[in-house]
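Visitor: got a predicted model here, sequence first, then my questions.
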There are 2 protein chains.
Amino acid sequence: MTEDRKLEVLRAVVEDFIATNEPVGSKALAERHNLGVSPATIRNDMAVLEEEGYIAQPHTSAGRVPTDKGYRLFVDRLASLKPLSTAERRAISSFLEGAVDLDDVLHRTVRLLAQLTQHVAVVQYPSLARSAVRHLEIVHLAPTRLMLVLITDTGRVEQRVVELPGAVTEETVAELRTTLNARLRDRRLAEAPDIIGELPETVAPRLRPVVSTLAGVLLETLIERPDERVVLGGTANLTRSALDFPGTIRPVLEALEEHVVLLRLLGEVESPSRVMVRIGGENAHEGLRATSVVSVGYGAGHTALGGLGVLGPTRMDYAASMTAVAAVARYIGQLLAQG
Amino acid sequence: MTEDRKLEVLRAVVEDFIATNEPVGSKALAERHNLGVSPATIRNDMAVLEEEGYIAQPHTSAGRVPTDKGYRLFVDRLASLKPLSTAERRAISSFLEGAVDLDDVLHRTVRLLAQLTQHVAVVQYPSLARSAVRHLEIVHLAPTRLMLVLITDTGRVEQRVVELPGAVTEETVAELRTTLNARLRDRRLAEAPDIIGELPETVAPRLRPVVSTLAGVLLETLIERPDERVVLGGTANLTRSALDFPGTIRPVLEALEEHVVLLRLLGEVESPSRVMVRIGGENAHEGLRATSVVSVGYGAGHTALGGLGVLGPTRMDYAASMTAVAAVARYIGQLLAQG
DNA sequence: CTTGGCACTCTCGCACGATGAGTGCCAGCA
DNA sequence: TGCTGGCACTCATCGTGCGAGAGTGCCAAG
């Protein structure tokens, strides 16, 4: 038996199972793919593949089904990328053009991904830590109450209300605005803690109490405990593959509600253009044992600003998902870089 | 047959069906409720109720199940409000205290509601139209590009980027900020169109082009086409009552993804403290024919700032949902009024 | 190493009958 | 007039048994 043919058989099993969602037998394989050998030979190969853990049979005398390990080998060595159809290209640009702000971009993105792949889509907001300050606005709501509005180069806008120890005037606020912006503009938030920590020492003494309060809030809520956000869409697609889930889709829905879980799913993407696939049991979360996640980072440069991806049954069309995810990430990477 | 007993029978049917999720028969009714009559009598009453359309049998020789009409009569005349348990009261305040901003408040609210009722929860952002301007910040991003940041008295923050026809200086921006705020502060957005329309005429001629651009953006994106938002939570609870849904929960999930649909669900709440119940087919949306929605407006005064509610199977515990929804709405009404 | 043949296993679908819950109707009674 | 017990009837549900079919593993031959 050649090693090559064994892999071909695995590919055939995976492809047929993805297409039909039914255990695939040796005879069917021989018919649908021209492997050049008889069903009996395929049976032998399949027996070996099963021993090695790439496929399994749900019960004796049923066809074979790929295991997580089988899918893994498939995506690592066998999946051929599909080029996007022109219809899909058109869909991407038409879906995303006309977005009015960052929220809008991300919501459209998630709908787009869900529609393209027919799976659940997740998009992370651009990480605050890796964004740079474009502007820090200070709004004078009341004598002892300010609102900080942080605007990043990726279009993210975060605001916090700050209660001050003492009253400040409009003039002071204007002064603060100028001073803080001079120090913070264009700085990445990842390098901001040092700068922010030193801020109180760099201003006139009378401003110090106020500035330290502000610095405290900035440090705490924006950097130490940044509430990274995600947008979710296409949950209805879960029901499409309801048959694939043992029991119910309940644990999956529950996992999706935990945004922390979603963030962790996307958190491991390192660089854009490197699509990551996590298959079945490779997912840490209990409820996602029957699902696969295809994710990638987006962002203009080398480091990802955030991640996006899709989640579906392990028997998903990996090639299609990977190309869709990569294409969308590339597109919104550009979009964020320019806007 | 007394009219009273007929209603009692209906109540008993509804309550038992809600509790057991199984068609309820005359014998079981006679045992579990002391109606003072025999099963045979109850059978007669049930036959009448069925003729009148309040209950139905899934198939011959099965027990009876309430119809939408039956539930309607039940909530209108028979449902007795349940006082909140102290545990629930405590849950409400502990869940919501410590919220850091509006987003946070609403996300916590939706989780809270979902947990209290074990249904899907929906919370609408405070309507822009009914909010008042607390501050309009203008940020000078680039010579020909400004960002408008609108802060309302309910804590909502909306931003839009504006491309200007010509360049402006920092000083001009400061001037604009002062002028616009003087005219807009404390105005409700509902009455804003007139004021905004007149804005260009009230400023120095050299500012007019800029101001009309700004006015245009304000009018278009914030008032004519305000993107009212909703937060959704507890979708996993749908699976809890999966048995109640004919076929699948698919159409329900799809409806929930259409935020427009959700907004319409909540859009009809008029005044706070008036809980609204829409049962099964009473919902306009096709996918929600098997669900009921319990909603109410929240807000400090007479007019609602927004709506919130829960969505579940028609066989839900209406009394519990209604009290939970009302209590939460009251609570966040206060919260928004003070913060 | 491949192939055809063959016996074996196990799921699936279907028919069948027993069970039992629940109904509708009717005659009797207050 | 309204309530009640009795009774025949209907129909979904469930367990059983059986045949069909798909698929496998093994073996001997090429």
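Guide: That came in fine, so what should we check first?

Visitor: low-confidence ranges, the stretch 151-300 of chain A, go.
Guide: A:225-227, A:242-244, A:246-247, A:269-270 (pLDDT under 70).

Visitor: that one: strands as residue ranges?
Guide: According to DSSP state E, counting those that start in this stretch, the stretch 151-300 of chain A carries its strands in the segments A:157-163, A:230-233, A:276-279, A:291-298.

Visitor: would you mind writing the CA trace of the next helix or strand after the longest one as CSV?
Guide: What it means is strand A:291-298. Downstream of strand A:291-298, the first helix or strand assigned by DSSP states H and E is strand A:306-313. C-alpha atoms of strand A:306-313 as CSV (Å, rounded to 0.1, in the frame of the first residue of the first chain):
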residue,chain,number,x,y,z
GLY,A,306,-7.8,41.9,16.5
GLY,A,307,-9.2,38.6,15.3
LEU,A,308,-12.1,37.3,13.5
GLY,A,309,-13.3,33.9,12.6
VAL,A,310,-16.1,31.5,12.1
LEU,A,311,-17.3,28.6,14.2
GLY,A,312,-19.1,25.6,12.8
PRO,A,313,-19.4,21.8,13.1
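
Visitor: packing partners for the helix or strand that strand A:306-313 is followed by?
Guide: Reading on from strand A:306-313 to the C-terminus, the next helix or strand found by DSSP H and E is helix A:318-338. Where contact means 3 or more CB pairs under 8 Å, 6 or more residues apart in numbering or on different chains; DSSP states H and E, helix A:318-338 is packed against helix A:86-96, helix A:102-117, strand A:291-298, strand A:306-313. C-beta here means a position set from N, CA and C on the backbone, and glycine is covered the same way.

Visitor: isn't A:Pro58 right up against A:Val65?
Guide: Yes. Contact criterion CB atoms under 8 Å: A:Pro58 and A:Val65 qualify, at 6.1 Å.

Visitor: who's more crowded, the two?
Guide: Legend: neighbour count by other CB atoms under 10 Å in any protein chain shown for A:Pro58 and A:Val65, higher for A:Val65 (19 against 10).

Visitor: check which helix or strand that one maps to.
Guide: In this assignment (DSSP H and E), A:Val65 forms part of strand A:65-66.

Visitor: sorry, back to before: just the strands of the stretch 151-300 of chain A: most buried one?
Guide: Greatest average neighbour count among the strands of the stretch 151-300 of chain A goes to strand A:291-298 (a mean of 26), per mean count of other CB atoms under 10 Å in any protein chain shown.

Visitor: what is that one packed up against?
Guide: Other elements packing on strand A:291-298 under the criterion 3+ CB pairs under 8 Å, 6+ apart are helix A:259-267, strand A:276-279, strand A:306-313, helix A:318-338.

Visitor: partner strands of the second one, parallel or antiparallel?
Guide: Read that as strand A:276-279. strand A:291-298 (antiparallel) (DSSP bridges).

Visitor: equivalent analysis for the third one, please.
Guide: As defined by DSSP bridges, the strand partners of strand A:306-313 come to strand A:120-124 (antiparallel), strand A:291-298 (antiparallel).

Visitor: picking that back up, the strands of the stretch 151-300 of chain A: which one's closest to B:Ala319?
Guide: Judged by CB to CB, the one of these that comes nearest to B:Ala319 is strand A:230-233, at 31.9 Å.

Visitor: who does that closest one pair up with?
Guide: strand A:120-124 (antiparallel).

Visitor: CA atoms of the strand it pairs with as PDB?
Guide: Extracted C-alpha coordinates of strand A:120-124, given in PDB (Å, rounded to 0.1, in the frame of the first residue of the first chain):
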ATOM      1  CA  VAL A 120     -21.500  31.500  13.200                       C
ATOM      2  CA  ALA A 121     -19.200  34.500  12.800                       C
ATOM      3  CA  VAL A 122     -17.200  36.300  15.500                       C
ATOM      4  CA  VAL A 123     -15.300  39.600  15.100                       C
ATOM      5  CA  GLN A 124     -13.200  41.200  17.800                       C
END
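
Visitor: so the helix or strand just after that strand, near chain B or not?
Guide: Note on strand A:120-124: by DSSP H and E, the next helix or strand toward the C-terminus is strand A:133-142. Yes. Using CB under 8 Å from any CB of the partner chain, strand A:133-142 reaches chain B at A:Arg134, A:His135, A:Glu137, A:Val139, A:His140, A:Leu141.

Visitor: which strand or helix spans the closest residue to A:Pro66 other than its chain neighbours?
Guide: What sits nearest to A:Pro66 in space, not counting adjacent residues and going by CB to CB, 6 or more residues apart in numbering or on different chains, is A:Val14, at 4.9 Å. Taking DSSP H and E as the definition, A:Val14 sits inside helix A:3-20.

Visitor: between that helix and helix A:318-338, how many degrees?
Guide: Angle of helix A:3-20 versus helix A:318-338, following axes from the mean of the first three to the mean of the last three CA atoms, to 10 degrees, is 80 degrees.

Visitor: re earlier: which neighbours do A:Pro58 and A:Val65 have in common?
Guide: Taking CB atoms under 8 Å, 6 or more residues apart in numbering or on different chains as the contact rule, A:Pro58 and A:Val65 both touch A:Pro23.

Visitor: just the closest residue of the stretch 1-150 of chain A to DNA strand D, please.
Guide: A:Gly25 (2.7 Å; CB to the nearest atom of the strand).

Visitor: grab the nearest non-local neighbour of that residue.
Guide: A:Gly63 is the one closest to A:Gly25 (CB to CB, 6+ apart), at 3.9 Å.

Visitor: that neighbour reaches A:Glu22, doesn't it?
Guide: Yes. The pair A:Gly63 / A:Glu22 is scored as a contact, 7.0 Å apart, by CB under 8 Å.

Visitor: what parts of the stretch 1-150 of chain A come near DNA strand C?
Guide: The stretch 1-150 of chain A has residues A:1-2, A:5, A:36-38, A:40-41, A:44, A:59-62 near DNA strand C, with proximity defined as CB under 7 Å from any atom of the strand.

Visitor: looking at those residues, which are in helices?
Guide: A:Arg5, A:Ala40, A:Thr41, A:Asn44 (DSSP state H).

Visitor: re the thing from before, what subset of the residues of the stretch 1-150 of chain A next to DNA strand C is buried?
Guide: With burial judged by 16 or more other CB atoms under 10 Å in any protein chain shown, the buried subset of these is A:Val37, A:Thr41.

Visitor: any chance of the residues of the stretch 1-150 of chain A next to DNA strand C in CSV, plus pLDDT and distance to DNA strand D?
Guide: Output for these, formatted as CSV (pLDDT from 0 to 100; distance: CB to the nearest atom of the strand, whole Å):
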residue, pLDDT, distance to DNA strand D
A:Met1, 61, 12
A:Thr2, 79, 15
A:Arg5, 93, 15
A:Gly36, 88, 15
A:Val37, 92, 12
A:Ser38, 93, 10
A:Ala40, 95, 5
A:Thr41, 95, 9
A:Asn44, 96, 7
A:His59, 90, 10
A:Thr60, 87, 7
A:Ser61, 85, 4
A:Ala62, 90, 6
